[in-house]
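[1] Using only what follows, build the 3D model:
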Amino acid sequence: MLKFFVDIRGVTLLIGACALYSVQVGSVEAITPPRTVTDWLLNMRQAASSLSYQGIVAYIKDQQVDSFKLYHRVSEGHERERLISMNSPYREVIRADGNVACYSADGQQVVVETKPSNQALFMSLPKDTSTIERFYRINLRGQEYVAGGLTQVVALEPRDAFRYTRLFWIDTSTYLPLKLDVLNEDGQSVEQMVFTTINAKEPIAATDLEPSPRTSTAMTRIRHRESKPVGKLKWTLEDVPEGFQIVSYSALKRPPSNSAIEHILLSDGFSSVSVYIESKEGGINTGTYRMGAISVDTVVVGGHLVTVVGEVPMKSVERIASGIKQR
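    Numbering: from 1, shown residues only. Sure, this is the predicted structure:
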């Protein structure tokens, strides 16, 4: 769902529980009314990337509620968005033309993202819906009102135990997702995002998409991300749940030491898992823990610290972590 900051071993990860895959920018008028269940998902993906809209979003995780202001504008074929926290600590995330900039009021955070920067801040969905249907059952669950708009509820129910159930409330007129919910293995909501207000009619000023003065001198970015060919991997992933494939492999440098961190991104086209590998330093705790829908497992492999993190059940990250071997 929304991207947020979370600290692991002193490194702040920018976690996007769901991020929208880029699609060709078009107009919402060109969207064909849905005839099948998967059409609702396709229309949602197109609307979320081609419409300009702004609103207040409530984000619920671990029985805590945060509020964000979201701006999303498409102009002359360029997509730009800004996410601003309305609660402490103050932070902003801005995405423009495939680049992600992260801002905080104190400027002390080191930020590493768990998603490629060409993906948006919202939700993810593969272009090929057949990949979804291999691992999820897609069902309609009636209609409800959200933020004053009539929505169609669409459920993605996993076919195995390595993914979460996800619910979407899709506006029947604009096809924008007005509410998202993630359910764990017991059917309990572990993460939820809902628009309390949304406006897709009024224009968005260019200034609304720029960082605020309080953060403009305190920008933190990903440092020295270097994409690498998957064939150069010195690690094998021997026990990955079916459907998860390596999407990208890169090396990150974190200030001030600029020590290298290897980042492997896995995805089934909808759910994503990140694997971070770095040289082990003394005094590091390993183990598992949860943050809402996010599961984390940290292990030591061949003198390296390996952290597996993703919006999947704990058994998924444990299985992936246990199967990581050094070549």
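
[2] what ranges do the helices span in the chain?
    37-50, 129-135, 314-322 (DSSP state H).

[3] who wins for proximity to I198 among these?
    In terms of C-beta to C-beta, the element of these nearest to I198 is helix 37-50, at 11.6 Å. Where you see a C-beta, it was placed from the backbone N, CA and C, and this is true even at glycine.

[4] helices or strands next to the closest one in the packing?
    Contact analysis of helix 37-50 by 3 or more C-beta pairs under 8 Å, 6 or more residues apart in numbering; DSSP states H and E lists strand 64-75, helix 129-135, strand 136-146, strand 149-158, strand 165-171 as its packing neighbours.

[5] Could you check the pLDDT of F5?
    Among the per-residue scores, F5 shows a pLDDT of 41.

[6] now stretch 104-115: mean pLDDT?
    Per-residue pLDDT over stretch 104-115 has a mean of 53.

[7] ok, back up a step: next, format the helices of the chain as a markdown table and append distance to R159.
    Output for these, formatted as a markdown table (distance: least, C-beta to C-beta, whole Å):
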| stretch | distance to R159 |
| --- | --- |
| helix 37-50 | 15 |
| helix 129-135 | 5 |
| helix 314-322 | 14 |
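
[8] Those helices: which one's closest to L167?
    For L167, the closest of the helices of the chain is helix 37-50, at 12.1 Å, according to C-beta to C-beta.

[9] relative orientation of the closest one and strand 149-158 in degrees?
    Orientation note: helix 37-50 sits at an angle of 120 degrees relative to strand 149-158 (axes from the mean of the first three to the mean of the last three C-alpha atoms, to 10 degrees).

[10] before we move on, back to that, pick the most buried one from the helices and strands packed on helix 37-50.
    strand 165-171 (a mean of 22; mean count of other C-beta atoms under 10 Å).

[11] So in that sheet, which strands flank that strand, and in what orientation?
    Sheet pairing of strand 165-171 (DSSP bridges) gives strand 149-158 (antiparallel), strand 177-183 (antiparallel).

[12] contacts for the first one?
    Under the criterion C-beta atoms under 8 Å, 6 or more residues apart in numbering, residues 37, 40-41, 44, 132, 135-145, 164-174, 178-179, 198, 270 lie in contact with strand 149-158.

[13] Figure out which of the strands paired with strand 165-171 is closest to T236.
    Nearest of the strands paired with strand 165-171 to T236, taken as C-beta to C-beta: strand 149-158 at 25.7 Å.

[14] so what are the domain limits for the chain?
    Domain ranges of the chain: 3-209, 223-326, per automatic domain parsing.

[15] mean pLDDT for these: which is lowest?
    Ranked by mean pLDDT, these end with domain 3-209 in last place, scoring a mean of 79.
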